[in-house]
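Novice: just need the structure, nothing else, for what follows:
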Amino acid sequence: MSAPTTDRPRQAPAPTPGVSVSRTRNPRLRRSLPTLVQLALLALIVLCPMFFIVMGAFTDNPDRSNVFDFGNFTFDNFALLGRASAQEAMWSSAIVGIGSSILALLIGATLAFLAARTNIPGRKMIYGIGIAPLFLPSLVGALAWALLAGPATGYLNLALTALGLPGFVDIYSFAGMIFVLGLYYAPYPFLMIHSALSLMNPDLEDAASLHGAGLTQMLRKITFPLVLPATIGSGILVFALTVENFAVAQVIGVPGGVDTLPTLIYRLMNAAPARSNDAAAIAVVLTVLLVIVVALQNRVTGSKEYTTVSGKGVRARQVPLRGWRWPAAALAWLYFVLAVALPMGALVVASIQTSPYLARLGELFDAGALSLWSLGQTVQDPDFHNVVLNSVIVGVSTAAIGTTFCFALAYTRYRTRSPGRSMLEYVAMLPLAVPAIVLGLGLLWTWLALPVPIYGTLAVLVVAFIAVFLPQGYRGVSSSIVQLDQDLEDSAVMLGASRAKAIRFVTVPLLRIGLSSTFLLLLMLSMRELTAALFLFTSDTRLLSIAIFDAYDNGSIRSAAELGLLYCVVIGVLAALSRRFGAKESK
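Specialist: Numbering: from 1, shown residues only. Presented below is the predicted three-dimensional model:
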């Protein structure tokens, strides 16, 4: 007979040293690892500079020869906020930011809808019109419109005078700043909203039509709500970018007596001695306010479902414009004329104009009034070749590394269960709330303090631009990834593909439009950037934007116009190459 058995529980085998610990801890560590690694990178490029800014705001030592000697704790730096100059700058920034954001959203959303969803004549050209102003940095655009609409000698006023009309156009005003900023920031909502509209599954719209909904009702209740994340995200993005824009405020606002926070900060930084602590105090207040705005945006959009791309083929449904086809096309081309054609014409005339003074428009047709000699000398200048090469290296590196990093952040945030992943979004959006000129100062202090010898090289500019433009890249990728059904990638994994292979062959191709738009956006932004580089460049790492600002600041308008014109050519070539490369990759 066999021995009686009991129901005693089995004892687990003795743990093998180094094995049982890994089995119990590795799963959680593996889930947390993506967030931990990305938070460490974000801390290095975002949180460290902001730490120095915060310490500068709450301490009294303006000397940064020893970066860790902040002095004594104080609130005195915030006393500047109670002065009339600071309050006027805050109200001016708010007015300009709101006005230019509304204008940019109206232009960008309209062009995106026309390019992605309508039967407008020349629809493929509308996409080019929507991104064309990216070829003109806001500094160059402001300079061009100062040449066009200056109250005394602007080309438009001279043309009106030649026609016997009073020259009434004055760009140096609130309206002028809103107009210029709205023109040159409209491509950002255009790219984000166009991506969302292109990814939208038409089944929902077809279902609404089958149930009797008219075209207007379908657009109002189905189409437009589905692009709400891209619309709200781009609106907040444009507001933050225009509030902190320095170039337009300096070129258009200051001559018109309009002082904004960026110009106030610039004056504080360039005072003798520099008042960096006061500038940091202003940045801290602005940071807190815009973090609240981002949190409210997440609260509005976070509880809704926006997935519109499933396993079926996606082909956007066209909306017939009927009698509005040609008027809509005319409005699109009017935007192109105002944002690109007229400014480029002004830059060309100013570049080949032999005399810096022009009393009447007819003088341009006098003998010897125009010459290409000076422009040719600039093209052959070795210094120009050096700044072009530096700008291209920094721009392409920023776009490639930044797009990859933003995709990793958005994927971890929306496609994994990694603990703490929601923190990634808040940290990635923090640079949106800090003026680039102040964040550039924080980056300067950071890389002087860290034992990493990249200060004085192009690498520090790449790191700085990734940090400054991280919110733009993250929003561009995340607005597309929230529309992509995760079941598509999970199906590939269930069929035997590894997660990395599923991401490469399923997720990334479906996000091609969003990723290519983000790459192009980061490329254009980094090529345009001026303020973040003001404290980080050296004589060997000068960029085109720095060269243009130096020429303008020194009063050499023709030299600034020449560099601005060549600047646009370089950006246009880069954009064409990137679009062509993207088209080949999609085949």
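Novice: just the CA coordinates for the helix or strand hosting V477, please, in CSV.
Specialist: With elements delineated by DSSP states H and E, V477 resides in helix 470-481, which encompasses its position. Output for helix 470-481, consisting of C-alpha atoms alone and laid out as CSV, is shown next (Å, rounded to 0.1, in the frame of the first residue of the first chain):
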residue,chain,number,x,y,z
LEU,A,470,10.7,69.7,-28.2
PRO,A,471,7.0,70.8,-27.6
GLN,A,472,6.5,71.5,-31.3
GLY,A,473,7.9,68.1,-32.3
TYR,A,474,6.1,66.2,-29.6
ARG,A,475,2.8,67.8,-30.5
GLY,A,476,3.3,67.1,-34.1
VAL,A,477,3.9,63.3,-33.5
SER,A,478,1.4,62.9,-30.6
SER,A,479,-1.5,64.5,-32.5
SER,A,480,-1.1,61.7,-35.2
ILE,A,481,-0.3,58.8,-32.9
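Novice: mind checking how far the most centrally placed residue in the chain is from L521?
Specialist: Nearest to the geometric centre of the chain sits Q472, at 4.3 Å (CA atoms, centre = their mean). Q472 sits 6 Å away from L521, going by CB to CB, to the nearest Å. To be clear about C-beta, it is placed using only N, CA and C from the backbone, and glycine gets the same treatment.
Novice: cool, and G108?
Specialist: G108 sits 12 Å away from L521, going by CB to CB.
Novice: the two: which is more packed in?
Specialist: Set side by side, G108 and L521 show more neighbours around G108, with 27 against 24, by other CB atoms under 10 Å.
Novice: check the residue nearest to the centre of the chain and give its pLDDT.
Specialist: Q472 is assigned a pLDDT of 82 by the prediction.
Novice: right, and it touches L525 too?
Specialist: Yes. With contacts counted by CB atoms under 8 Å, Q472 reaches L525, the gap being 6.3 Å.
Novice: okay, now the unreliable bits of this protein?
Specialist: 1-29, 63-69, 199-224, 290-291, 293-317, 487, 579-587 (pLDDT under 70).
Novice: now do the strands in it.
Specialist: Using DSSP state E, no strands are assigned anywhere in the chain.
Novice: ok, G442 - how many residues close by?
Specialist: Number of residues near G442 (other CB under 10 Å) recorded here: 28.
Novice: what sits against the closest residue to D76 other than its chain neighbours?
Specialist: Of all residues beyond its chain neighbours, the one nearest D76 is D60 (6.8 Å), with distances taken as CB to CB, 6 or more residues apart in numbering. When the contact criterion is CB atoms under 8 Å, 6 or more residues apart in numbering, the partners of D60 are 71-72, 74, 76-77, 277.
Novice: cool, and V238?
Specialist: 100-101, 104-105, 185, 188-189 are the contacts of V238 under CB under 8 Å, 6+ apart.
Novice: from those residues, which is closest to A561?
Specialist: Minimum distance to A561 across the contacts of V238 is 22.1 Å, recorded for Y185 (CB to CB).
Novice: so A332 makes contact with I126?
Specialist: Yes. Under the contact definition of CB under 8 Å, A332 touches I126, with a separation of 5.4 Å.
Novice: what sits in contact with each of the two?
Specialist: Looking at what touches both A332 and I126 (by CB under 8 Å, 6+ apart), the common residues are 111, 114, 120.
Novice: could you check how far the first one is from F239?
Specialist: Counting by CB to CB, the gap from L111 to F239 is 19 Å.
Novice: quick one, what contacts R31?
Specialist: Shown in contact with R31 (CB under 8 Å, 6+ apart): 416-419.
Novice: and with 10 Å instead?
Specialist: Residues in contact with R31, defined by CB atoms under 10 Å, 6 or more residues apart in numbering, are 416-421.
Novice: quick revisit: find the residues that touch each one of Q472 and L525.
Specialist: Overlap between the contact sets of Q472 and L525, as judged by CB under 10 Å, 6+ apart, is given by 188, 241, 402.
Novice: mind checking which of these are buried?
Specialist: Those of these that meet the buried threshold are 188, 241, 402, by 16 or more other CB atoms under 10 Å.
Novice: how about the second one: what's its closest non-neighbour residue?
Specialist: Taking CB to CB, 6+ apart, and ignoring the residues beside it in sequence, L241 has Y185 as its nearest neighbour in space, at 6.1 Å.
Novice: number of residues surrounding that neighbour?
Specialist: Y185: 28 surrounding residues under other CB under 10 Å.
Novice: that one reaches P133, doesn't it?
Specialist: Yes. Applying CB atoms under 10 Å as the test, Y185 and P133 come out as touching, 8.4 Å apart.
Novice: can you list residues touching both of those two?
Specialist: Overlap between the neighbourhoods of Y185 and P133 consists of I107, taking contacts as CB under 10 Å, 6+ apart.
Novice: distance of D550 from L439?
Specialist: 21 Å.
Novice: which one's more surrounded, the two?
Specialist: Here D550 and L439 are set side by side on neighbour count (other CB under 10 Å), and the busier one is L439, at 26 against 14.
Novice: what residues are up against the more buried one?
Specialist: Neighbour list for L439: 46, 49-50, 53, 244, 283, 287, 430-431, 433, 464, 467-468, 531-532, 535 [criterion: CB under 10 Å, 6+ apart].
Novice: one more: A369?
Specialist: Remark: with contacts taken as CB under 10 Å, 6+ apart, A369 is in contact with 349, 352-355, 358, 362-363.
Novice: if we use 8 Å, what do you get?
Specialist: 353-355, 363.
Novice: give me the number of residues near the residue nearest to Y127 when sequence neighbours are not counted?
Specialist: The shortest distance from Y127 to any residue other than its chain neighbours is 4.7 Å, reached at A115 (CB to CB, 6+ apart). Residues contacting A115 under the criterion other CB under 10 Å number 24.
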